[in-house]
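**Q** Sequence plus predicted model, see below.
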Amino acid sequence: MKRITVLCWNFERNGAGSHIARFRAHERLASLSPHLVLRQEMWGADADGHRVAFELESILGMRGWLGPKSSTAVFADPAVFEPVRTWPDTGPMWVQPPTLLALRYRPAGVESMPLAVASYHLNYGSSANRIAEAEWLSTWADKYQTTVDGSTYRLPALLGGDTNSYPEPGLPKDPALPKLDEIQDRPHRLHRSYVGPDGRRRMDTRPDEALRTAGLEDVARHWATARGGNAAAVARTVNGCATHGPDARVDRIYATEDLLPTVLDVDVIEVPLTESDHHIVRVALDGDVLTDILTRLPDAALQAV
């Protein structure tokens with residue numbers, strides 16, 4: 001069985017201009033032997049002719065694609081994934097635009113369907129903008145591929161990033177939703193909440209609800225449910241602090257339902273706060289099952305137009 005490792009990480013400010021910090025952080029990623037890395041806060045990676053972006057490719061031993069404004073990036077092991085196309089026009093809503101491309105899983109063969117893969121970073125300061133971005137993100141679970149015989153299929157999608165919001169409550173071991181009046185930083189109360197129909201302000205879970213409505217499942221939630229509440233899958237991805245509230249799981253990877261049978265494991269790798277304010281989400285996929293899904297005949301589960 002081929003095991004595919006996917007990592008998702010918001011590395012704080014891309015090391016804040018420190019070559020040493022970037023090197024150590026990406027050496028950490030490389031030590032986990034990833035096949036796909038979804039990065040956020042790629043600040044400065046486009047400067048000096050994309051010098052930093054190429055530096056990170058070299059450290060990881062992967063090929064990279066840098067999104068608009070150096071907000072996000074996708075890195076892929078070229079022996080495992082090959083690019084089919086990109087979508088540089090990511091829509092009008094984004095403050096920090098995502099990176100979106102179609103990748104073919106090489107072991108599945110040249111006639112297999114590609115995956116729609118995205119690294120995203122939802123808006124920090126506005127819940128209204130954030131829900132619009134999440135709704136736009138759902139359109140990437142709505143990409144199609146036309147085969148040589150004229151058949152058209154919806155691509156499986158794998159999307160990971162920083163949601164700056166919370167998952168819908170429902171799992172016993174998921175970090176609890178913060179209580180609004182216990183968040184000491186008053187602007188942060190605004191940033192992480194919205195006003196409901198009853199006029200009361202609520203903690204923001206709307207992006208998660210929107211994505212799941214669109215058929216994109218939180219793979220950590222899926223795995224924790226499948227394994228009877230595996231705490232490792234739904235561990236915190238940011239640490240609690242006095243000003244911003246308790247531990248939270250704001251970094252999440254979503255997949256279309258057709259990819260859920262490929263999930264082998266989900267966990268969170270904690271990194272020191274001196275290195276980043278977010279931890280690394282790791283998902284393991286079964287490459288043999290992925291091959292079966294991507295090479296299915298037209299009458300299989302993938303939806304045809």
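**A** The structure has been received and is ready for your questions. Numbering: from 1, shown residues only.

**Q** List the contacts of the most centrally placed residue in the chain.
**A** The centre of the chain sits closest to Gly160, judged by C-alpha atoms, centre = their mean, with a distance of 0.6 Å. For Gly160, the contact set (C-beta atoms under 8 Å, 6 or more residues apart in numbering) comprises Val6, Cys8, Leu38, Ala118, Ser119, Tyr120, Asp251, Arg252, Ile253, Tyr254, Val281. For every residue, glycine as well, the C-beta is placed using N, CA and C.

**Q** Glu82: neighbour count?
**A** Neighbour count for Glu82, taken as other C-beta atoms under 10 Å: 15.

**Q** Just the pLDDT for it.
**A** The model reports Glu82 with a pLDDT of 98.

**Q** Tell me how many other residues surround the closest residue to it other than its chain neighbours.
**A** Excluding the flanking residues, the one nearest Glu82 by C-beta to C-beta, 6 or more residues apart in numbering is Arg104, at 5.0 Å. By other C-beta under 10 Å, 19 other residues sit near Arg104.

**Q** shouldn't Arg104 be in contact with Pro114?
**A** Yes. Here Arg104 reaches Pro114: they are 4.5 Å apart, a contact under C-beta atoms under 8 Å.

**Q** quick one: common contacting residues for the two?
**A** Val84.

**Q** sorry, back to before: for the residue nearest to Glu82, pull up the helix or strand it's in.
**A** Using DSSP states H and E, Arg104 maps to strand 99-105.

**Q** Whichever helix or strand comes after that strand to strand 99-105, inter-axis angle?
**A** Next along the chain after strand 99-105, taking DSSP H and E as the criterion, comes strand 115-121. Angle of strand 115-121 versus strand 99-105, following axes from the mean of the first three to the mean of the last three C-alpha atoms, to 10 degrees, is 150 degrees.

**Q** what's next to strand 115-121, contact-wise?
**A** Strand 115-121 has contacts (C-beta under 8 Å, 6+ apart) with 8, 10, 36, 38-41, 67, 71-74, 76, 96, 98-105, 133, 137, 140-141, 143, 155-162, 164, 259, 294.

**Q** Which members of those residues occur in helices, if any?
**A** Here DSSP state H is the test, and the contacts of strand 115-121 give Glu133, Leu137, Leu294 as lying in helices.

**Q** just those residues now: which is nearest Trp87?
**A** Set against Trp87, the nearest of those by C-beta to C-beta is Leu137 (11.9 Å).

**Q** So which other helices or strands are in contact with the helix-or-strand element of the chain with minimal mean pLDDT?
**A** Least confident helix or strand of the chain, by mean pLDDT, DSSP states H and E, is strand 144-146 with a mean of 83. If you count contacts as 3 or more C-beta pairs under 8 Å, 6 or more residues apart in numbering; DSSP states H and E, strand 144-146 packs onto strand 152-154.
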